[in-house]
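> fold the following.
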Amino acid sequence: MDDFSGLSFGAYRLTRLLAQGENAQVYAGEHERTSSQVAVKVPYRPHTRATWEQLLAEARLLARFDHPHIVHLLDVGEQVLATESVVYLVLEYAPSGTLREQHPKGTCLPLQKLLSYVAQIAAALQYLHDRRVIHRDIKPEHMLMGAQEQLLLCGFGAALSLQDAVSQKSLPLVGTLAYMAPEQLQGHASPASDQYALGCVVYEWLTGAPPFRGPFAAISQQHTGAVPAPIVEKRPQIPLAIAQVVMTALEKEPELRFPHVLDFANALEQAYATVEQHA
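Next comes the predicted model:
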């Protein structure tokens, strides 16, 4: 696997590897004249036409967005490496990394911090959904902590317009299994699929683990047919009202979830406020 640390891509010198995804690597970078910090996303080689088109599609999508909780696209470039050209994205830099780095697997979050995170990510998702875009890969690794300690949603390689999702009879399987909605596993996706994925993340933040674990086939079957273990069974100190809100977001049928992802976040806030009033 290539390591481009120390090389310059256009005006940006790549200083160190930050993350490795399924299709690309992300580097910390520095503008050679201004010294401003950026993140540079570079696809793995060999650089096929498909990867080229996928990255450009991601760039075009990000260029449409202007939201305080969505990572900003700063530039798109092309770099010649040996016998091939590589397209790369220059993105807003998040100095504190991802929420997975901030809160490793097994971590349970305090409720107030959790509610703040959910409100920010739900706001970003609602912005996408209002523009008829589905993210399709919500997970802690795709949530960055920005320079002002604000959350930034990233990881748009699997994002899809709702029009494309509806027009295709069956979508290729993309996303991360631990957070994947039943309908997404079956080749369909909608804004409700992102809500389910966020519900899985919240379940993990409350209990220390996602709703389902195990081999691929087992997790797939559980997402489509099994009810997650009750949150209060895993952590009795979690108020039942909050647990019930999360379980609504995890309903198997999309129409049984909240109408909008922002409704999910608001319901969590209301449940917490009610619990605090009666404490």
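> residue ranges of the helices in the stretch 101-250 of the chain, please?
111-130, 162-167, 182-185, 191-207, 216-225, 231-234, 240-249 (DSSP state H, counting those that start in this stretch).
> closest one to residue 87 among these?
Evaluated over these, closeness to residue 87 peaks at helix 162-167, with 21.2 Å, by CB to CB. (Glycine included, C-beta is placed from N, CA and C.)
> could you tell me the least trusted of the helices of the stretch 101-250 of the chain?
Of all the helices of the stretch 101-250 of the chain, the minimum mean pLDDT falls on helix 162-167 (a mean of 70).
> with just CA atoms, put stretch 232-249 into PDB.
Output of stretch 232-249 as PDB, limited to C-alpha atoms (Å, rounded to 0.1, in the frame of the first residue of the first chain):
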ATOM      1  CA  VAL A 232     -31.700  -0.700  30.200                       C
ATOM      2  CA  GLU A 233     -30.800  -4.300  30.400                       C
ATOM      3  CA  LYS A 234     -27.200  -3.500  29.400                       C
ATOM      4  CA  ARG A 235     -27.100  -0.200  31.400                       C
ATOM      5  CA  PRO A 236     -29.800   0.000  34.000                       C
ATOM      6  CA  GLN A 237     -28.900   3.700  34.800                       C
ATOM      7  CA  ILE A 238     -30.100   4.800  31.300                       C
ATOM      8  CA  PRO A 239     -33.600   6.300  31.600                       C
ATOM      9  CA  LEU A 240     -36.300   4.200  30.000                       C
ATOM     10  CA  ALA A 241     -37.700   7.200  28.100                       C
ATOM     11  CA  ILE A 242     -34.400   7.700  26.300                       C
ATOM     12  CA  ALA A 243     -34.000   4.000  25.600                       C
ATOM     13  CA  GLN A 244     -37.500   4.000  24.000                       C
ATOM     14  CA  VAL A 245     -36.600   6.800  21.700                       C
ATOM     15  CA  VAL A 246     -33.500   5.000  20.500                       C
ATOM     16  CA  MET A 247     -35.500   1.800  19.900                       C
ATOM     17  CA  THR A 248     -37.900   3.800  17.700                       C
ATOM     18  CA  ALA A 249     -35.100   4.900  15.500                       C
END
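> quick one: residues in contact with that stretch.
The contact list for stretch 232-249, computed with CB atoms under 8 Å, 6 or more residues apart in numbering, reads 108, 111, 195-196, 198-199, 202-203, 206-208, 228, 230-231, 256-258, 264, 267-268, 271-272, 274-275.
> for residue 22, see how far away the residue lying closest to residue 51 once chain neighbours are set aside is.
Once flanking residues are discounted, residue 51 sits nearest to residue 43: 4.6 Å by CB to CB, 6 or more residues apart in numbering. Distance, residue 43 to residue 22, by CB to CB, to the nearest Å: 10 Å.
> where are the low-confidence patches of this structure?
Counting by pLDDT under 70, the chain has low-confidence residues at 1, 165-171, 279.
> next, name the residue at the spatial heart of it.
With distances taken as CA atoms, centre = their mean, residue 138 lies nearest the centre of the chain, 3.1 Å away.
> please look at that one and residue 198 and confirm they touch.
Yes. Using CB atoms under 8 Å, residue 138 is in contact with residue 198, at 5.4 Å.
> what touches both of the two?
The contact sets of residue 138 and residue 198 overlap at 121, 125 (CB under 8 Å, 6+ apart).
> before we move on, back to that, ok, the residue lying closest to the residue nearest to the centre of the chain once chain neighbours are set aside - contacts?
Of all residues not flanking residue 138 in the chain, residue 197 sits nearest, at 3.7 Å (CB to CB, 6+ apart). For residue 197, the contacting residues are 135, 137-139, 175, 179-181, by CB under 8 Å, 6+ apart.
> tell me which of those residues is nearest to residue 122?
residue 138 (10.3 Å).
> give me every residue that touches the closest one.
For residue 138, counting by CB under 8 Å, 6+ apart, the contacting residues are 121, 125, 179, 194, 197-198, 201.
> give the buried residues for stretch 7-18.
Going by neighbour count (16 or more other CB atoms under 10 Å), the buried part of stretch 7-18 is 9-14, 18.
> closest one of the contacts of residue 138 to residue 95?
The shortest gap between residue 95 and any of the contacts of residue 138 belongs to residue 121, at 18.8 Å (CB to CB).
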